[in-house]
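Student: what follows is a predicted protein model with its sequence.
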Amino acid sequence: MMELGLIPSMDAAWAEYSKYIMNGLMTQLTRIQPGKNVEESHMRNRMLIAAWCYEKGKAENVIEKVVQDGKTYVAVNDFEMLRNLFGQLLKEVQDIKSTGNFQAGQALVEDYGVKVDPQLHAEVLERYEKLGLAPYSGFVNPVYKPIVEEGEIVDVKVTYTEGYVEQMLRYSKDYSFLPSKN
């Protein structure tokens, strides 16, 4: 992205790495009931990547869990090494997929993407409850209507005329490849 001139430095990428690791190790725990494991596939994916990188980078302190005033924080100490760990994990996953090694894939998911640390989980839930936020959020996209004059688009009118349900129903009608009635 830097080569294309889309970002001036790696700072934006490193911020996303930090956010991804924080979400995989802590933030997404707000969506899980106490005593439960991670069940949703996307959450398992995020946790697997973050936990695997944390574990594999422990010796070099790539990612650090810092406890300050009784609160746990995640700090990425070496972004280049974290990037390298992402690549190593991608290679491992590709090897598993290419060879059809179900047992290795299952072990990877079970070892890194399922089990929740109950102490950290309780802390995250307690801290998050104080914020008064829902663990999930969504958004409604505006409706875009092109303004055409003499066959050319000269403007776009942006309106917020739909609620979430109406938008999802319109998307399924306008963009689905499957029939809405069987």
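Tutor: Received the coordinates, thanks. What you see is a predicted model; the values in this text were computed from it and never measured. Numbers count the residues shown, from 1 in each chain.

Student: only C-alpha atoms from now on, for both contacts and neighbour counts.
Tutor: Will do.

Student: which one is residue 108 nearest to, not counting chain neighbours?
Tutor: Spatial nearest neighbour of residue 108, excluding adjacent residues (C-alpha to C-alpha, 6 or more residues apart in numbering): residue 48 at 7.6 Å.

Student: how much space between that neighbour and residue 30?
Tutor: Per C-alpha to C-alpha, to the nearest Å, residue 48 is found 17 Å from residue 30.

Student: contacts only, for residue 14.
Tutor: When contacts are counted by C-alpha atoms under 8 Å, 6 or more residues apart in numbering, residue 14 touches residue 79.

Student: and it, what element?
Tutor: Using DSSP states H and E, residue 14 maps to helix 11-25.

Student: cool, residue 73 as well?
Tutor: strand 71-76.

Student: on contacts alone, who are the packing partners of that strand?
Tutor: Packing partners of strand 71-76 (3 or more C-alpha pairs under 8 Å, 6 or more residues apart in numbering; DSSP states H and E): helix 11-25, strand 63-68.

Student: quick one: average confidence on whichever strand or helix holds residue 166?
Tutor: Secondary structure assigned from DSSP H and E places residue 166 in helix 164-175. For helix 164-175, mean pLDDT is 90.

Student: need the contact list for the closest residue to residue 17 other than its chain neighbours.
Tutor: Nearest non-adjacent residue to residue 17, counting by C-alpha to C-alpha, 6+ apart: residue 79, 7.7 Å away. Residue 79 makes contacts with 14, 17, 62, as judged by C-alpha under 8 Å, 6+ apart.

Student: sorry, back to before: the helix or strand that the strand holding residue 73 is followed by vs strand 71-76, what angle?
Tutor: Per DSSP H and E, the first helix or strand lying C-terminal to strand 71-76 is helix 79-99. In terms of direction (axes from the mean of the first three to the mean of the last three C-alpha atoms, to 10 degrees), helix 79-99 departs from strand 71-76 by 80 degrees.

Student: in helix 79-99, what's buried?
Tutor: Neighbour-count burial for helix 79-99 flags 79, 81, 82, 85, 86, 89, 96 (criterion: 16 or more other C-alpha atoms under 10 Å).

Student: reformat these as a markdown table; add distance to residue 126.
Tutor: Converted to a markdown table, the buried residues of helix 79-99 look like this (distance: C-alpha to C-alpha, whole Å):
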| residue | distance to residue 126 |
| --- | --- |
| 79 | 29 |
| 81 | 32 |
| 82 | 29 |
| 85 | 31 |
| 86 | 31 |
| 89 | 32 |
| 96 | 38 |
